[in-house]
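Visitor: Okay, here's the prediction I keep looking at, along with the sequence it came from:
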Amino acid sequence: MIYVTGDIHGDYDSLMDRPLGKLKKEDVLIVTGDFGFVWNNSNKEKSNLKKLSKKKYTILFVEGAHENLEMIREFPEVELYQAKGIKIAPNIYCLKRGEIYTINGKSIFALGGGLPPYEDEPLEAPPSMPTDDELQYAVENIQKHHRHVDLIITHEAPASVKRMVDRSATVNDLNIFLDTVLKNTRFGKWFFGALHRDRAVSDKLVCVFEDVHKVE
């Protein structure tokens, strides 16, 4: 079974406080960005990763707005669920931007990245934002799948949806891109985590933070 939860920011206790006790060996937990357990290589971080690597289920995450991307990309790229992923530990993987994975018979489009809050907008897009090439790859992948996937996992939300959750939220280029995905892709469920709220915007669009959602 597939489960989805929101940002953890490297807080092991926060993850363990969530209702994960029933997850089995064949289950998969997907985190919607800001995983945070690959950050500074501290002894505490190494200890937490070691504890996570002993979990019987698989942990997947998309990149959020607050990740040490240089560290993450030092880990090996591997074949993962008929696509490409980054192997952090035997049961922990980063989902690459724009890939479509096949997990438990479900097609899952993943697009990590986001923009941290700034007092002034940066002149150039930071590494936390997908590049033009990554967005183009995402579009081509969706088209190859006839613009239909079962599940979408992103950190950011489509612009129109972001404003529905928070009318004062700042909209960035990635939000606008995701609006295009929203309008041109058929999907079963879409989970996003950047807004740090637990709220179902509709039957298909879910803002997730501390809740754990079971994907049927």
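Guide: Sure, I can see it.

Visitor: hang on, Arg167 in a strand?
Guide: No - with DSSP: H, G, I helix; E, B strand; the rest coil as the criterion, Arg167 is coil rather than part of a strand.

Visitor: Return the per-residue confidence for it.
Guide: pLDDT recorded at Arg167 is 84.

Visitor: One more: the one 4 residues further on?
Guide: Residue-level confidence at Val171 comes out at 89, pLDDT.

Visitor: Isn't it up against Met164?
Guide: No - between Val171 and Met164 no contact is recorded; they are 11.8 Å apart, counting by Cβ atoms under 8 Å. Bear in mind the C-beta positions are built from the backbone N, C-alpha and C, glycine included.

Visitor: Dig out what the closest residue to Ile92 other than its chain neighbours forms beta bridges with.
Guide: If you skip the residues right next to it in sequence, Ile92 has Ile59 as its closest partner in space, 4.7 Å away by Cβ to Cβ, 6 or more residues apart in numbering. Taking DSSP bridges as the rule, Ile59 bridges to Leu29, Ile92.

Visitor: Same check on Tyr3?
Guide: Judged by DSSP bridges, the bridge partners of Tyr3 are Leu29, Lys214.

Visitor: quick one, what contacts it?
Guide: Each residue near Tyr3 by Cβ atoms under 8 Å, 6 or more residues apart in numbering is listed here: Leu20, Leu23, Asp27, Val28, Leu29, Ile30, Val212, His213, Lys214, Val215.

Visitor: who wins for most neighbours among these?
Guide: Within the contacts of Tyr3, neighbour counts (other Cβ atoms under 10 Å) peak at Ile30, which reaches 24 neighbours.

Visitor: Roughly how far does that residue sit from Pro158?
Guide: In this structure, Ile30 lies at 18 Å from Pro158, with Cβ to Cβ, to the nearest Å as the measure.

Visitor: cool, Asn68 as well?
Guide: Summarising the geometry, the distance separating Asn68 from Pro158, computed by Cβ to Cβ, is 27 Å.

Visitor: who's more crowded, those two?
Guide: Taking other Cβ under 10 Å, Asn68 and Pro158 do not tie; Pro158 has more neighbours (25 against 16).

Visitor: Might one say that the more buried one is in contact with Asn184?
Guide: No - with contacts counted by Cβ under 8 Å, Pro158 stays clear of Asn184, the gap being 11.2 Å.

Visitor: now the closest residue to Arg18 other than its chain neighbours: how far from His66?
Guide: Here the nearest residue to Arg18 in space, its sequence neighbours aside, is Val212; by Cβ to Cβ, 6+ apart that works out to 5.1 Å. From Val212 across to His66, the span is 21 Å (Cβ to Cβ).

Visitor: With that, I have no additional questions.
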